[in-house]
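Q: Can you look at this prediction? I've put the sequence above it.
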Amino acid sequence: MFKKEKTSLQDLFNEDAEITAKALHKLSEAIHAFCEDDYDTMRAFSEETITLEKRQDRLNETIISRMFGKETMVFSRPDRIFIVKELDKVVDRAEFAVRKMLLFHPKPNDEINLILDEMSLLVKDIGASVEQMIKQVFNDFGTAKNTIVQITDLRREVRRLNWTGLEKIFSSELPSMEFRYYETIFMQILKVADTAEQFADSIFELICKYTL
């Protein structure tokens with residue numbers, strides 16, 4: 001007799017999606033703390049983001065090993081592995097962003113930080129939407145499509161704020177180190193949003209593939 005798994009494969013996918021949402025939430029809080037010039041809190045949230053990335057790596061190993069059992073799901077094994085890998089890319093981007101933020105502690109700039117704070121809220125919303133999308137796509141393609149549109153709209157707003165932020169740092173005559181730092185942070189936040197949107201686009205393609 002084989003011992004029955006206590007946690008279903010679907011539950012593990014849901015947990016993977018939840019970790020992704022938490023990682024982007026912690027990134028969002030780290031950005032907000034940075035804007036408040038609370039470096040200790042920023043570091044704490046950054047470390048939590050890094051820890052979540054490591055936790056996701058271990059979970060993904062479990063999911064892939066379980067995937068070759070007898071459990072069935074909507075998608076084929078290659079497509080399920082693809083979903084796991086794409087979730088991992090989003091969290092990897094969040095981890096990379098916080099590591100970049102920890103490299104330097106510039107003098108606070110209220111105008112720039114206001115833009116970054118707006119972006120932080122969008123990042124949090126993107127994380128929640130990615131989690132929702134994954135939980136939906138295994139059960140209801142229609143609602144998942146609506147969430148994909150939401151992710152695209154959120155990413156568009158992040159991109160708009162990214163250009164606003166870059167215009168601000170180019171016109172602010174910042175010291176070279178501060179200029180480079182802010183430019184890097186804006187671009188890293190945008191890459192998180194871009195990666196999430198690319199993932200959402202891929203999920204839409206999977207929906208099309210499995211729609212009869």
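A: Received, thanks.
Q: What mean pLDDT does stretch 170-190 get?
A: What stretch 170-190 shows for mean pLDDT is 96.
Q: In it, which residues are buried?
A: Leu174, Glu178, Tyr181, Tyr182, Ile185, Phe186, Gln188, Ile189, Leu190 (16 or more other C-beta atoms under 10 Å). Yep, even glycine has a C-beta here, placed from its N, CA and C like the rest.
Q: Closest to Glu167 out of those?
A: For the buried residues of stretch 170-190, the closest approach to Glu167 (C-beta to C-beta) belongs to Phe186, at 10.4 Å.
Q: Tell me how far the longest helix seen in the chain lies from the chain's centre.
A: Secondary structure of the chain per DSSP state H: the longest helix is helix 176-210. Here helix 176-210 is found 8 Å from its chain centre; the criterion is C-alpha atoms, centre = their mean, to the nearest Å.
Q: now for that helix, which elements pack on it?
A: Under the contact criterion of 3 or more C-beta pairs under 8 Å, 6 or more residues apart in numbering; DSSP states H and E, the helices and strands touching helix 176-210 comprise helix 9-35, helix 77-101, helix 110-137, helix 141-171.
Q: what's the most buried one of the ones you listed?
A: Among the helices and strands packed on helix 176-210, judged by mean count of other C-beta atoms under 10 Å, the one packed with the most neighbours on average is helix 9-35 (a mean of 22).
Q: Compute the inter-axis angle for the helix or strand following that helix and helix 9-35.
A: Later in the chain than helix 9-35, the nearest helix or strand by DSSP states H and E is helix 39-66. When axes from the mean of the first three to the mean of the last three C-alpha atoms, to 10 degrees is applied, the directions of helix 39-66 and helix 9-35 differ by 160 degrees.
Q: follow-up on the earlier one: now the buried residues of stretch 170-190 as CSV including distance to Glu61?
A: Below are the buried residues of stretch 170-190 laid out as CSV (distance: C-beta to C-beta, whole Å):
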residue, distance to Glu61
Leu174, 43
Glu178, 40
Tyr181, 35
Tyr182, 37
Ile185, 31
Phe186, 33
Gln188, 26
Ile189, 28
Leu190, 30
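Q: Pick the one among these closest to Ser65.
A: For these, the residue nearest Ser65 by C-beta to C-beta is Gln188; the value is 32.0 Å.
Q: Contact partners for the closest one?
A: Neighbouring residues of Gln188 by C-beta atoms under 8 Å, 6 or more residues apart in numbering: Arg93, Phe96, Ala97, Lys100, Met101.
Q: And Lys145, by the same measure?
A: Per C-beta under 8 Å, 6+ apart, neighbours of Lys145: Phe204, Ile207.
Q: Phe104 too?
A: Phe104 neighbours (C-beta under 8 Å, 6+ apart): Met177, Tyr181.
Q: which SS class is it?
A: Of the three states, Phe104 takes coil according to DSSP: H, G, I helix; E, B strand; the rest coil.
Q: Angles on the backbone of it, please.
A: Backbone torsions of Phe104, given as degrees, to the nearest 10, read phi -150, psi 150.
Q: Repeat that for Ser76.
A: phi -70, psi 170.
Q: Report the residue spans of this protein with pLDDT below the cut-off.
A: 1-6, 69-72, 212 (pLDDT under 70).
Q: Nice, that's everything, thank you.
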